[in-house]
Each structure stands twice: as C-alpha cells, then as structure tokens.
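fold the following for me, if possible:
(2 chains)
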Amino acid sequence: MVELVPTLLRQELARLAEDDLRLDGRGRWEGREVTLETDCLYNAEGSAKVVMGGTIVYAGVKFELRTPWPDRPAQGSLMCGAELRPVAHRKYEPGPPSPQSIELGRVVDRGIRESGCIDMESLCIVPGEKVWGVMIDIHVLSDGGNIFDACGLAAIAALRTAVVPAQRFDVGEDYTLKVKGTPIMASFTRVGGRYVYDPSEEEELGGDERIHITLGDEGHLHSLQKGLRGVFTPAEFAEIFEVAHLRCTELRELVANQEGN
Amino acid sequence: MGGYGDVQLLRDDGLRLDGRKIDEMRPMTIEAGVLPAADGSAMVTHGLNVAVAAVYGPMEAHPRKIQRQDRAVIDVRYNMAPFSTSDRIRPGYNRRSREISKVTAEALESVVLVERYPRSKIRVEIEILAAEAGTRCAGLTAAAVALADAGIPMRDLIVGVASGKVEGTVVLDLDKAEDNYGQADLPVGILPNTGEIAFLQMDGDLSPDEYNLAMEYNFKAAAEIHEIMVDALKRRYEGGEN
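Model (predicted):
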C-alpha cells in the first residue's frame, strides 16, 4: 500500500523536534505505559501478553522432544520466531514470512539466546539421543509502534513462566524451566532528526532509521540491530545507550513484579 | 469423530465430566474493540478457547481479478497460533484452516450488505490464541462482532454455536474430550433475528431426531450468545466499561 501521509507527517515531526516535543506529548526518553500479563493462554507452556500503547503482542512457549544437533549432543535448542500476520495492521499482507518478521524474530532470539539465560545443557535428557527443543512463538495482534520492544518483553516474560511438560512426554515430572536473567530490549527511532525512545506508529511512519539494544541483568549488551535507511554517530549511540540502561532496568522490574504476584 | 468408546464422557449422575448439564454451554465472554490498529475487532473467550477477530476495510480489492463489479468480497483468514494447541502447530496455512476460512467468508457474505461496496474488499482476520474445541464457532462469533464494531452494515449478526453427540446422548457445546471421543459435531452459524442459518458443517453420526434435538439446543444457545454479543457492542458504543 502506498502511504500518502509521510511528507506532511515528517514536516510536523521536524517542527515538533525543534522544541524537543513529541506528537503524543511524551518526553524524548519517555516510554508509553506498559502492561504485562503472564500465564494467560491455556495451551501454551508459558505465555505472556504485552500492551504498549496501541501495540498488543502475545508470546507462547512450547516444548518438543528432538534429537540433538550432532555437534552439540548434550544441549537442547531454543528457537524464537515472530509472525507479523495481517491481523496486526492493514499494512501487513498474507503470505510467507516477510523480511520484517524474520528480522524481528531473529533480533529477539539473539537477545535471549546470547544472554545465556537458558542453560542449554539443562535441556538434555539423554545425550546424543533426546533433548528438549524450546520454541517461543510471538504473535503480534496490533501494531501501534515499537513492536520490537513489546515482542522482546513478551518473549522473555513467557519464557520465565514456562513449565516443562515432562509428564505429557513420559520423561519424568513437570518442572519450571530454569531461566537466569531477564534480557530486555530498548528501541530508538530517529524522528525529526533526533532519536526518541519507544516510537509510536506515527513516529515510525514519519521517522528514519531505528536502533534496537538488548541488555542483560548486568547491563551487558547481548543484541544490537540497526534497521532501515540512515546513519548515526558514536556520540548519538552513547546517548541512547545510557537511556537504554534506565528503561531496561525499569522493564526488568516490571517482569519481576509480575512474577512476584 | 473418534468414538473410541473406552472413555466415559457422561457421569453416572447424568452430568458431563466438567459438571455441565447436557444442554449447558461453557461460559463465554465477548469484548469489542480490543485491537487499536484494526477498524473493528473483538475477542471471544469460550471455555478455554480464545479467539480474536480484526476487520480492515472496506478497502480497494486487489489483485484486480478478485474484484466483483456489483459487491464487496470478504477475505477471511482463520489461523491458529503456533502455541494454541497441545502440540505446537507449524505456522502457515493448512487444508483445515483454508476450508474454515472459505465457509466462514461465505457465511459472513450472507449477512454483510456487500452490495453497498462494489469492487472493494473487507478483510477479516481470525486468530485462535487458545484452542479447546469449538474454535471455528468462537471465530465466527468474534468476526460478526468485529464487523459490527467496524461499522459495516449488516442485516443481522451471526452466532457460531455447536452441538454434538457423546455416548448416544445429544449435548450442547462439546469440549475437547467430548470432541475427541464423541460421535458427532454440528457447528452452525445462526442469524439470531431471522432464525436463518448461514454456516453449517457436521461430521459423525446423527439420526434425524438427534439432528433436530441438536439444532434445538443450538438455537437456544444462540439466543444466549446473541445477548452477550449485543452487550459487548453496547458497552463499546455507550461508553460503558470501555
């Protein structure tokens, strides 16, 4: 679909940026309100729903028994995928997975995988023969902007509530999946010439390149991604990196509080 | 229908395994306008089923070959999320979801005033987030509420509802065990105001009398579900809870 709006929208966003304002009245580094719900889907072994402004995302965790990769006979596997189905926005078309949805799933996957929060050896049942495959599926129901952060949050929150269905597969008693750490993503988009945190739908439509940063509990980087056309300076990155620390810590607390309930 | 025979589905006291009476449906909730990005939307929870429907349009129909000169086409996609069932479903279309999408679209085209929008397309996206028997009916009900929420003119709503047979007894609204081990399933889409039927499928084994009884249960339940649908739309538009 051809978008006719962006030229006027870009002018408006640039005008607002001169006074350091945003379309919805937020501060430059201010996120929208986030609500997180876990254990909300009956057939998923772990699940979460994230609402972030007009964005709604579900994540569900499923397990399957599989034979290990030949080069890692004592390790299970982790896979995280995202679907940008046409339910989420009129701009999404039906068909095979688009490059955007593949990028989205892979960026979330890397953040979780590289943080080491899942001990792959704990997923081994019989070395060389039988291991658990953990699958996180992310389902975007409504794209109101910044689906990356919503997907990352839903994925880790769902994973942290997952129960391994050992009984159903006849390999022992069910147990809670061990997840050490809560990797969190923070995303920034260039709008009106400068970066803002947690872009809205309009800001993405009238904005430029985006940067996604996933940080672990210790503040270490686990996944980075620059998307769309545009360039940035090291100084700009240093600035948003500081903000990412703050926002990731807040969202990590949200996940912890949800689990405490 | 499986009909394994070795699973007891009706208790000695005449109630069903989950304690329901034979003509009692699982609890249902409906909320309209749940998806901000959509033109209309609804979420239906029915027992443990969760179905969400989004409506986009009317919009230009493309590719052009799908256009109809005298009316709109309704493009339905029924899809089960990978985590919606006990065993994960590989993402993507399969024969079952294609068939359900087709007959659901045809049912909705029977109530939407499609002749008002020549050469256009109305997209209806049905996503099943949790499945425990009865998802096509929950999806159809959600789609009808989402169309109304989108302000698309219709001559009636459609209520998705099913009855079936377990251990020789006709029961309303099969749950997962009853669906797996029962003897028949009769899902229908009923127009609550006119009493017409826009969606009909059936599998299993029913005598003519059993069919009539199952249909009687379906109509009785459709009246109940219709109230829940209307209530959801009223809450949305009277500025009640939403």
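
which non-adjacent residue is nearest A:K62?
In this structure, A:K62 finds its nearest non-sequential neighbour in B:R88, 3.9 Å apart by C-beta to C-beta, 6 or more residues apart in numbering or on different chains. All C-beta spots, glycine's among them, are computed from the backbone N, C-alpha and C.

would it be right to say that the one you found lies in a helix?
No. The assignment for B:R88 (DSSP: H, G, I helix; E, B strand; the rest coil) gives coil, which keeps it out of a helix.

would you map the helices across the stretch 1-150 of chain A?
Ranges of helices within the stretch 1-150 of chain A are A:6-18, A:99-114, A:147-160, based on DSSP state H, counting those that start in this stretch.

average pLDDT for the second one?
In this model, helix A:99-114 has a mean pLDDT of 95.

the helix or strand containing B:V124 vs chain A: in contact?
Taking DSSP states H and E as the criterion, the element that holds B:V124 is strand B:120-130. Yes. Residues of strand B:120-130 are located near chain A by C-beta under 8 Å from any C-beta of the partner chain, namely B:R123, B:E125, B:E127, B:L129, B:A130.

closest one to chain B among the helices of the stretch 1-150 of chain A?
Evaluated over the helices of the stretch 1-150 of chain A, closeness to chain B peaks at helix A:147-160, with 8.6 Å, by C-beta to the nearest C-beta.

which helices and strands does that closest one pack with?
Counting contacts by 3 or more C-beta pairs under 8 Å, 6 or more residues apart in numbering or on different chains; DSSP states H and E, helix A:147-160 is packed against strand A:34-38, strand A:46-52, strand A:55-66, helix A:99-114, strand A:130-142, strand A:184-191, strand A:210-215, helix A:234-260.

surely A:S47 is in contact with A:D39?
Yes. When contacts are counted by C-beta atoms under 8 Å, A:S47 is listed as touching A:D39 (6.1 Å).

rewinding a little: identify the farthest-apart pair in the residues of strand B:120-130 next to chain A.
Longest distance between any two of the residues of strand B:120-130 next to chain A is 23.0 Å, between B:R123 and B:A130; criterion C-beta to C-beta.

how near is B:I158 to chain A?
19 Å (C-beta to the nearest C-beta, to the nearest Å).

repeat for B:T135
As defined by C-beta to the nearest C-beta, B:T135 lies at a distance of 11 Å from chain A.

that residue and B:M80 touch, don't they?
Yes. Using C-beta under 8 Å, B:T135 is in contact with B:M80, at 7.1 Å.

of those two, which one has the most company?
B:T135 (26 against 23; other C-beta atoms under 10 Å in any protein chain shown).

nearest spatial neighbour of that one, skipping sequence neighbours?
B:I128 (4.7 Å).

residue of chain A with the smallest distance to chain B?
For chain A, C-beta to the nearest C-beta, closest residue to chain B: A:G60, 2.5 Å.

quick one, what contacts A:E121?
A:A74, A:Q75, A:G76 (C-beta atoms under 8 Å, 6 or more residues apart in numbering or on different chains).

before we move on, the earlier item: these two touch, right, the residue nearest to A:K62 and A:L65?
No. With contacts defined as C-beta under 8 Å, B:R88 does not count as touching A:L65, sitting 11.8 Å away.

neighbour count: those two, which is higher?
When B:R88 and A:L65 are compared for neighbours, B:R88 comes out ahead with 21 against 16, by other C-beta under 10 Å.

show me where chain B has helices.
For chain B, applying DSSP state H gives helices covering B:95-109, B:135-149, B:176-181, B:208-237.

and these, which one averages the lowest pLDDT?
Of all these, helix B:176-181 has the smallest average pLDDT, which comes to a mean of 92.

low pLDDT regions in the stretch 151-261 of chain A?
In the predicted model of the stretch 151-261 of chain A, residues A:261 satisfy pLDDT under 70.

my error: substitute chain B in the last question.
B:1-6, B:239-242.

what about 90?
Residue ranges of chain B with pLDDT under 90: B:1-9, B:12, B:14, B:62-66, B:90-94, B:237-242.

dead centre of it: give me the residue that sits there.
Geometric centre of chain B, nearest residue: B:C137, 2.1 Å, by C-alpha atoms, centre = their mean.

centroid-wise, who is the farthest residue in chain A?
Distance from the C-alpha centroid of chain A peaks at A:D170, with 32.4 Å (C-alpha atoms, centre = their mean).

that residue and A:K130, how far apart?
11 Å (C-beta to C-beta, to the nearest Å).

got it, and B:D13?
Going from B:D13 to A:K130 by C-beta to C-beta gives 43 Å.

okay, those two: which has more neighbours?
Legend: neighbour count by other C-beta under 10 Å for B:D13 and A:K130, higher for A:K130 (15 against 6).

give the bridge partners for the residue lying closest to the more buried one once chain neighbours are set aside, please.
Nearest non-adjacent residue to A:K130, counting by C-beta to C-beta, 6+ apart: A:L65, 5.8 Å away. For A:L65, the beta-bridge partners are A:W132 (DSSP bridges).

pull the contacting residues for the residue in chain B that chain A sits nearest to.
Per C-beta to the nearest C-beta, the residue of chain B with the smallest distance to chain A is B:F83, at 2.5 Å. B:F83 is in contact with A:L41, A:N43, A:A44, A:S47, A:G60, A:V61, A:K62, A:D137, A:H139, B:L129, counting by C-beta under 8 Å, 6+ apart.

repeat that for 6 Å
Contact analysis of B:F83 by C-beta atoms under 6 Å, 6 or more residues apart in numbering or on different chains lists A:A44, A:G60, A:K62, A:D137.

reformat those residues as JSON lines; add neighbour count and pLDDT.
Compiled in JSON lines, those are given as follows (neighbours: other C-beta atoms under 10 Å in any protein chain shown; pLDDT from 0 to 100):
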{"residue": "A:A44", "neighbour count": "29", "pLDDT": "96"}
{"residue": "A:G60", "neighbour count": "29", "pLDDT": "97"}
{"residue": "A:K62", "neighbour count": "25", "pLDDT": "97"}
{"residue": "A:D137", "neighbour count": "26", "pLDDT": "97"}
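
show me what from chain B comes close to chain A.
Within reach of chain A by C-beta under 6 Å from any C-beta of the partner chain, chain B has these residues: B:35-37, B:48, B:54, B:56, B:81-86, B:88, B:91, B:125, B:127, B:129-130.

buried ones only from those residues, please, as a ChimeraX command.
Command for ChimeraX that selects the buried part of those, burial taken from 16 or more other C-beta atoms under 10 Å in any protein chain shown:
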select /B:35,36,37,48,54,56,81,82,83,84,85,88,91,125,127,129,130
